[in-house]
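> Sequence first, predicted coordinates after that:
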Protein chains: 2
Amino acid sequence: MSSISKETLQRLPAYLRHLKELQKQGVENVASKAIAKVFNYTSVQVRKDFASISEEAGKPKTGFSVNRLVKDIAEFLGYNNINEAVLVGVGNLGHALLSYSGFKDYGLDIVGAFDINPNIKLVHGHKIYNLSKLESFIKRFNILIGIIAVPKDSAQDICDLMIGAGIKAIWNFSPCNLVIPENIAIINEDMASSLALLSQRLSKILKKEKNQ
Amino acid sequence: MSSISKETLQRLPAYLRHLKELQKQGVENVASKAIAKVFNYTSVQVRKDFASISEEAGKPKTGFSVNRLVKDIAEFLGYNNINEAVLVGVGNLGHALLSYSGFKDYGLDIVGAFDINPNIKLVHGHKIYNLSKLESFIKRFNILIGIIAVPKDSAQDICDLMIGAGIKAIWNFSPCNLVIPENIAIINEDMASSLALLSQRLSKILKKEKNQ
């Protein structure tokens, strides 16, 4: 249970979402085969994924306990420990992020939102602070996660400012390659990477259809 | 050059972005080591990635030709063939996607945007059509890519409607697990997966710092 692959980790939130649906429907036990079918995985894969984060073994006839899996996955993903984050950049994307109500379910709470434009004051119940307050805010509340949603030309400056103030993890939505020190975590929400993958899969499907 | 890993594919857009920057600065050749440093990869990794999509071999002293790599990566990613797409859901996220000017650089053109709300008429130069027109639009213009940015409760309905009309690739921004037939490509832009990864990396960093 100590090491887990990136692929497994990234599958966990979708499993959790599905298991919570089952929970709502009153389902108590589920077979790995049934879950595998929903996601188009093999049941071996599903059992392996569950084994890496839960000691719930699943019984041959009854399957896995839904409640137990929900509890174990949520705990593993840290959804019970809320992480506080700041967001910089309240343009269209920043608006979308602030309006997204699901973050708290995933253990993230945007406690401060910042923009350089002083005319933006309140967005979806979030008070928008002036960028000049960012550094002191991060220091004062000891915030560790910074979300960057500014245009790409200012993204590196914001990143440097955040790290200088004490941010340890960057969630970057700007389409640019940020330079960061080694001891900082970063996830790039890279539309171009996603599109590359989607285009490749589409080409494969079209080729297959052509050959049929 | 025929098979390429998902990981390599997802790294290509970032390489391309960096190489284009170098091109702008007038850099003609670049060593794999220099590129590796920017991305925190090993130079072996970088050379392997390049070898999988380009016959540009890179010379021991001069390095790789920047122009050649830019050309080969862009071609591989299909950025020279524009793919047409429809978008459904012009809420905050839909607004953000329509305002994003970078898609055309990545070979994607949103040619039709749709919403159920008839009061939304024009967003960032895109005419917004009523959802009732979606099916005939997809059929008439033979659109293959559908972008879903609606609330999760209507995502499956929109997905079914798209696929019924002829869509072959779904780019899903709704936080839900869509059920799709086998011959359809899908990419889920799953915030929860990203957050899981970021949280895990952050915990690792904090643990490391604690032990120092």
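That came through fine. Numbering: from 1, shown residues only, chains lettered A, B, ... in the order given.

> Which parts of chain A are helices?
For chain A, the helices defined by DSSP state H occupy A:6-24, A:32-39, A:43-51, A:66-76, A:92-99, A:134-141, A:152-165, A:191-211.

> I'd like those helices laid out as CSV, including distance to B:Ile82 and mean neighbour count.
Every residue, glycine included, has its C-beta placed from N, CA and C. Compiled in CSV, the helices of chain A are given as follows (distance: least, C-beta to C-beta, whole Å; neighbours: other C-beta atoms under 10 Å in any protein chain shown):
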stretch, distance to B:Ile82, mean neighbour count
helix A:6-24, 30, 18
helix A:32-39, 32, 16
helix A:43-51, 36, 17
helix A:66-76, 40, 18
helix A:92-99, 23, 22
helix A:134-141, 39, 15
helix A:152-165, 22, 17
helix A:191-211, 11, 16
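
> who touches A:Ile34 in this structure?
Not Ile; residue A:34 is Ala. Contacts for A:Ala34 were tallied using C-beta atoms under 8 Å, 6 or more residues apart in numbering or on different chains; they are A:Gly63.

> For chain A, give me the ranges with low pLDDT.
Residue ranges of chain A with pLDDT under 70: A:1-2, A:101.

> by contact count, what packs against the lengthiest strand in chain A?
Scanning chain A for the strand with the most residues, using DSSP state E, yields strand A:108-115. Strand A:108-115 sits against strand A:83-88, helix A:92-99, strand A:126-130, helix A:134-141, with contacts defined as 3 or more C-beta pairs under 8 Å, 6 or more residues apart in numbering or on different chains; DSSP states H and E.

> so which of the ones you listed comes closest to B:Leu198?
strand A:83-88 (8.9 Å; C-beta to C-beta).

> CA atoms only: put the closest one into CSV for me.
Extracted in CSV, the C-alpha atoms of strand A:83-88 (Å, rounded to 0.1, in the frame of the first residue of the first chain):
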residue,chain,number,x,y,z
ASN,A,83,-6.3,22.2,1.6
GLU,A,84,-6.5,26.0,1.3
ALA,A,85,-5.5,27.7,-1.9
VAL,A,86,-5.2,31.1,-3.5
LEU,A,87,-6.2,31.8,-7.1
VAL,A,88,-4.6,34.6,-9.2
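
> circling back: nearest to B:Ala196 among the helices of chain A would be which one?
Nearest of these to B:Ala196, taken as C-beta to C-beta: helix A:6-24 at 5.5 Å.

> Centre of the chain to that closest one, how far?
In terms of C-alpha atoms, centre = their mean, to the nearest Å, the centre of helix A:6-24 is set 12 Å apart from its chain centre.

> And for stretch A:180-196?
12 Å.

> Then stretch A:173-183?
Centroid separation for stretch A:173-183 versus its chain: 17 Å, with C-alpha atoms, centre = their mean.

> same thing with stretch A:40-57?
So, by C-alpha atoms, centre = their mean, the centroid of stretch A:40-57 is 21 Å from its chain's centroid.

> One more: stretch A:34-44?
Relative to the centre of its chain, stretch A:34-44 is centred 22 Å away, using C-alpha atoms, centre = their mean.

> What residues of stretch A:116-127 count as buried?
For stretch A:116-127, burial by neighbour count (16 or more other C-beta atoms under 10 Å in any protein chain shown) applies to A:120, A:123, A:126.

> okay, now the domains of chain A?
A:6-76, A:83-192 (automatic domain parsing).

> of all the ones you listed, which lies closest to A:Lys207?
Minimum separation from A:Lys207 across the domains of chain A (C-beta to C-beta) falls at domain A:6-76, 19.7 Å.

> who's in contact with the most centrally placed residue in chain A?
Central residue of chain A (C-alpha atoms, centre = their mean): A:Tyr106, 7.4 Å from the mean position. Counting by C-beta under 8 Å, 6+ apart, A:Tyr106 touches A:13, A:77, A:79, B:191-192, B:195-196.

> Over to A:Gly146?
Neighbouring residues of A:Gly146 by C-beta under 8 Å, 6+ apart: A:85-88, A:138, A:158-159, A:162-163, A:167, A:169-171.

> Turn the contacts of A:Tyr106 into JSON lines, columns for distance to A:Gly26.
Formatted as JSON lines, the contacts of A:Tyr106 follow (distance: C-beta to C-beta, whole Å):
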{"residue": "A:Pro13", "distance to A:Gly26": "22"}
{"residue": "A:Leu77", "distance to A:Gly26": "24"}
{"residue": "A:Tyr79", "distance to A:Gly26": "22"}
{"residue": "B:Met191", "distance to A:Gly26": "28"}
{"residue": "B:Ala192", "distance to A:Gly26": "24"}
{"residue": "B:Leu195", "distance to A:Gly26": "28"}
{"residue": "B:Ala196", "distance to A:Gly26": "27"}
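
> closest to A:Val111 among these?
Using C-beta to C-beta, those come closest to A:Val111 at B:Leu195, 15.4 Å.

> Enumerate every residue touching that closest one.
Taking C-beta under 8 Å, 6+ apart, one finds A:13, A:103, A:106-108, A:171 in contact with B:Leu195.

> If we use 6 Å, what do you get?
Going by C-beta atoms under 6 Å, 6 or more residues apart in numbering or on different chains, B:Leu195 touches A:106, A:108.

> Leaving out the residues flanking it, which one is nearest to A:Trp171?
Nearest residue to A:Trp171, sequence neighbours excluded (C-beta to C-beta, 6 or more residues apart in numbering or on different chains): A:Ile147, at 4.7 Å.

> Would you confirm that that neighbour contacts A:Leu87?
Yes: A:Ile147 lies in contact with A:Leu87 (C-beta atoms under 6 Å); the separation is 4.3 Å.

> ok, back up a step: so which of the helices and strands packed on strand A:108-115 gets nearest chain B?
When these are compared by C-beta to the nearest C-beta, helix A:92-99 sits nearest chain B, at 3.8 Å.

> contact partners of the closest one?
The contact list for helix A:92-99 (C-beta under 6 Å, 6+ apart) reads A:113, A:123-124, A:126, A:149, A:173, B:92-93, B:95-96, B:99.

> could I get those as TSV with distance to A:Val179?
Listed next are those as TSV, based on distance: C-beta to C-beta, whole Å:
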residue	distance to A:Val179
A:Ala113	24
A:Val123	29
A:His124	32
A:His126	29
A:Ala149	18
A:Phe173	17
B:Asn92	30
B:Leu93	28
B:His95	30
B:Ala96	25
B:Ser99	26
